[in-house]
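**Student:** Here is my input, please return the structure:
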Amino acid sequence: MDLTKRGCLNVLTHNDPVQMHVYTDSGRFYQVGEHQYPGVGTILNSSDSAQQQQFWEQWRANPENLAYSEKAKDRGKMFHAAIEHHFRGSDDPMADELALAQVSKVLPFWQSVQDVLPRITDIQLIESAVWHEVGCYAGTVESLPPLKLTTIKSKRS
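**Tutor:** Okay, here's the model as predicted:
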């Protein structure tokens, strides 16, 4: 299967020209050849009302909120790294040990996905940049797996 085109989305490959993030005051952009595409987060943040923007500025100005946010980001990064390690696999004992340390710090989150992980197979993309030429936006997909899901029918009386 050619993963460089999936519907309307394009996937960056190793042969693509410049494939980097460009950070500006306006947000994060993806450089693809001569074009810069805004990231999905940049687009969503730009749609905030002035009132929402002011709220977030005040929220970030509070040191307690900033500390909470940093802690949450760290947990998210550890969980993310553990999931990525799970799917990529490794023959490196140091990487395995690091992954176990990360999992231990986010154990409740890790346990919450244990029923789902075995059903995610044949992952075709992990941490890959994609862009939409017509919609003019870009982003990074965590993974692109097909899922084996079971439909549950419920009876109602």
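
**Student:** Every contact and neighbour count from this point should use C-alpha atoms.
**Tutor:** Fine.

**Student:** Give me the sheet partners of the helix or strand that contains Trp131 and which way each runs.
**Tutor:** Here Trp131, judged by DSSP states H and E, is contained in strand 126-132. Neighbouring strands of strand 126-132 in its sheet, by DSSP bridges, are strand 9-11 (antiparallel), strand 137-143 (antiparallel).

**Student:** Export those strands as a markdown table, with columns for mean pLDDT.
**Tutor:** Shown next, in a markdown table, are the strands paired with strand 126-132 (pLDDT from 0 to 100):
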| stretch | mean pLDDT |
| --- | --- |
| strand 9-11 | 59 |
| strand 137-143 | 79 |
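
**Student:** Show the low-confidence segments of this protein, by residue range.
**Tutor:** Across the chain, the ranges flagged by pLDDT under 70 are 1-20, 90-96, 98, 145-157.

**Student:** now the helices: where do they sit in it?
**Tutor:** Assigned by DSSP state H, the chain shows helices spanning 40-46, 50-61, 63-88, 93-105, 107-112.

**Student:** closest to Gly27 out of those helices?
**Tutor:** Proximity to Gly27 (Cα to Cα) singles out helix 40-46 among these, at 5.1 Å.

**Student:** Which residues outside that closest one are in contact with it?
**Tutor:** 26-29, 137-139 (Cα atoms under 8 Å, 6 or more residues apart in numbering).

**Student:** Go through the residues you listed and single out the one with the most neighbours.
**Tutor:** Neighbour counts for the contacts of helix 40-46, by other Cα atoms under 10 Å, peak at Ala138, which reaches 27 neighbours.
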